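Participant: Sequence and predicted structure, then a few things I'm wondering about:
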Amino acid sequence: MKKVFIEETSKMIGKVIELYGWVASKRDHKNVVFIDLRDRSGVVQVVGGEEFKNLSNEDVIYIKGLVKKRPKNLVNPKIKTGAIEIETKELKILSKARPLPIPVDNDGYQIDEDIRLKYRYLDLRRERLKRNLIYRHRLIKEIRNFMDEINFIEIETPILTKATPEGARDFIVPSRLQPGKFYALPQSPQQYKQLLMVSGFEKYYQIARCFRDEDPRADRAYGEFTQLDIEKSFTSQEEIQKLIEELLTTVIKKLFPEKKIYQTPFPKIPYQEVIKKYQSDRPDIRKEKNPDLLAFCWVVDFPAFEWKEQEKRWDATHHPFTSPKKEDLPLLEKGEYRKVRADQYDLVLNGYEIGGGSIRITNPQLQAKIFEIMGHSKEKVKEKFGHLLEAFSYGVPPHGGIALGLDRLLQVILNEKSVREVIAFPISSGGKTAVMEAPSEVDEEQLKELGIEVKR
């Protein structure tokens, strides 16, 4: 006798097996009672009698039973186990379930999202979300397999780091050991991965958790998100683009064979051209919006700087570590910042930006110049980025990289309406964590220990 997942039962006709799961539904035909038993892998019909009378939907049970073929006229082609059923030999009720506050037997789109996130542990029982998370697991697994095959090393970088001006607001964490000082959660592993290039790890990647205090959108998770982070020494824009194209075509072909990639190699469209043609730097280049068509394209030749009118200063379009194009360096020296192009490349899929990268600045003097253009004083640069500039003085290889937003990539591939549909416990559009109802107040004693006073 073997304990199995439901998806395995079709291959075990004639055997007595053990199953564990939830009662998805019950059909009482007086002398015979049918239930659909559900586990992570699927649903199977179980046949019983009087012992099933007291079962309710979502009760957790143990079944020992005989796997039997269904009569041909009773085969259910809609489910993988539709050709078999389980004849009960023994039943144990492991946990009774109260009536659920939300239904879990439909797609869930019609239910208010705040209610779904409050009961996310129930919401995740629905088939659609279970499928999404299984695809997420498989996507990350295949990415790791691919990166390992081409000799990249996965290296974790710190979550508690330093607040630096990189484009978005930081989440900050108070230090108990150094009162009055704060860590920041990383907006990306940007500086650490560049330091790894200085360290001699020429091919790095990471499935990285990133944190940004940005306003929420349907295609952007508030607070935290997951990205595939890649950095490579002695490389070029073209080489990184080719790597990403091979990665995505390989993984999509394996996991989503029903999907068709619109064009390979992915087309490259200059920023000025894409703005003129599509009025957006995130173009959907499909002629027909077929949901199984994946149209990737690169947007290149971005302006290196943008003018912040409210702040009366220049800012980096991408981030301050992006190298200007070599041929535009004379324009930089002349102060013609508006004309300078960045060695930057964004990856767009069906009208969504799913990744961005660049060749990095490795010349300490040029890096200092960029910070100066952005309005940072020499003292501020030394305070915030002195560690990176010093590292570059000890022998730094030319390098570049890219980051792909895995939440958004999966959202687009699965045709989901929101990025929150592919995350197990996302933060709501109002900034509250699912189930836990954070942020929350903390005890006065804990604040006192940190040297913090909250002004009401």
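Facilitator: The structure has been received and is ready for your questions. Numbering: from 1, shown residues only.
Participant: what comes into contact with stretch 381-390?
Facilitator: With contact meaning CB atoms under 8 Å, 6 or more residues apart in numbering, stretch 381-390 is reached by 162, 164-165, 191, 194-195, 364, 367-368, 371-372, 376. Heads up, the C-betas are built off the backbone N, CA and C, glycines and all.
Participant: Neighbour-wise, give me the winner out of those.
Facilitator: The residue in those with the most neighbours, by other CB atoms under 10 Å, is Q194 (23 neighbours).
Participant: Without its sequence neighbours, what residue ends up closest to that one?
Facilitator: Once flanking residues are discounted, Q194 sits nearest to R360: 6.0 Å by CB to CB, 6 or more residues apart in numbering.
Participant: What are the neighbouring residues in contact with that neighbour?
Facilitator: 194, 321-323, 399-401.
Participant: mind putting those in CSV, secondary structure included?
Facilitator: Formatted as CSV, the contacts of R360 follow (DSSP: H, G, I helix; E, B strand; the rest coil):
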residue, secondary structure
Q194, helix
F321, coil
T322, strand
S323, coil
H399, strand
G400, strand
G401, strand
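Participant: between the residues you listed, which is closest to T81?
Facilitator: Comparing the contacts of R360 against T81 with CB to CB places G401 closest, at 45.3 Å.
Participant: contacting residues around that closest one?
Facilitator: Taking CB under 8 Å, 6+ apart as the criterion, G401 is in contact with 193, 229-232, 240, 357-358, 360.
Participant: Now do the same for it: its pLDDT.
Facilitator: We have a pLDDT of 98 for G401.
Participant: Which residue comes closest to it once chain neighbours are left out?
Facilitator: Distances taken as CB to CB, 6+ apart put E231 closest to G401, at 3.7 Å, once the chain neighbours are dropped.
Participant: check contacts around D443.
Facilitator: Counting by CB under 8 Å, 6+ apart, D443 has no contacts.
Participant: on that earlier part again, from K232, how far off is the residue nearest to Q194?
Facilitator: Using CB to CB, to the nearest Å, R360 is found at 10 Å from K232.
Participant: circling back: find the helix or strand that the residue nearest to G401 is a member of.
Facilitator: strand 223-233 (DSSP states H and E).
Participant: and the helix or strand that that strand is followed by, what does it pack onto?
Facilitator: Sequence-wise, the next helix or strand downstream of strand 223-233 (DSSP H and E) is helix 237-255. Identification of packing neighbours for helix 237-255 by 3 or more CB pairs under 8 Å, 6 or more residues apart in numbering; DSSP states H and E yields helix 127-149, strand 223-233, strand 260-261, strand 296-300, strand 344-349, strand 352-359, strand 399-405.
Participant: export these to a markdown table and tack on distance to E453?
Facilitator: A markdown table is the format used below for those (distance: least, CB to CB, whole Å):
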| stretch | distance to E453 |
| --- | --- |
| helix 127-149 | 41 |
| strand 223-233 | 25 |
| strand 260-261 | 56 |
| strand 296-300 | 47 |
| strand 344-349 | 43 |
| strand 352-359 | 40 |
| strand 399-405 | 37 |
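Participant: Which of the ones you listed sits closest to L247?
Facilitator: Shortest distance between L247 and those, using CB to CB, is found for helix 127-149: 5.3 Å.
Participant: List the pairing partners of the following helix or strand past that closest one within its sheet, with orientation.
Facilitator: Toward the C-terminus, helix 127-149 is succeeded by strand 153-154 as the next helix or strand (DSSP H and E). Paired neighbours of strand 153-154 in the sheet (DSSP bridges): strand 203-212 (parallel).
Participant: which stretches of the stretch 1-150 of the chain have low pLDDT?
Facilitator: 1 (pLDDT under 70).
Participant: If we use 80, what do you get?
Facilitator: For the stretch 1-150 of the chain, the stretches flagged by pLDDT under 80 are 1-2.
Participant: now the helices: where do they sit in it?
Facilitator: 113-118, 120-123, 127-149 (DSSP state H, counting those that start in this stretch).
Participant: Work out the gap between the shortest one and the centre of the chain.
Facilitator: Relative to its parent chain, helix 120-123 has a centroid offset of 19 Å by CA atoms, centre = their mean, to the nearest Å.
Participant: do stretch 399-412 as well
Facilitator: So, by CA atoms, centre = their mean, the centroid of stretch 399-412 is 8 Å from its chain's centroid.
Participant: Would you mind measuring the gap between the ends of that stretch?
Facilitator: From its first residue to its last, stretch 399-412 covers 30 Å (CA to CA, to the nearest Å).
Participant: With stretch 395-404 instead?
Facilitator: 28 Å.
Participant: thinking again about what came up before, report the set of residues contacting both of R360 and K232.
Facilitator: Common neighbours of R360 and K232 (criterion: CB under 8 Å, 6+ apart): 399-401.
Participant: Now render those residues as TSV, adding distance to I86.
Facilitator: Converted to TSV, these look like this (distance: CB to CB, whole Å):
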residue	distance to I86
H399	57
G400	56
G401	52
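Participant: for the most centrally placed residue in the chain, what are its contacts?
Facilitator: Centroid-nearest residue in the chain: D407, 2.7 Å away (criterion: CA atoms, centre = their mean). Counting by CB under 8 Å, 6+ apart, D407 touches 221, 225-226, 419, 422-423.
Participant: of all those residues, which comes closest to K11?
Facilitator: V422 (30.4 Å).
Participant: remind me, longest strand of this structure?
Facilitator: If each strand of the chain is counted by residues according to DSSP state E, the longest one is strand 16-29.
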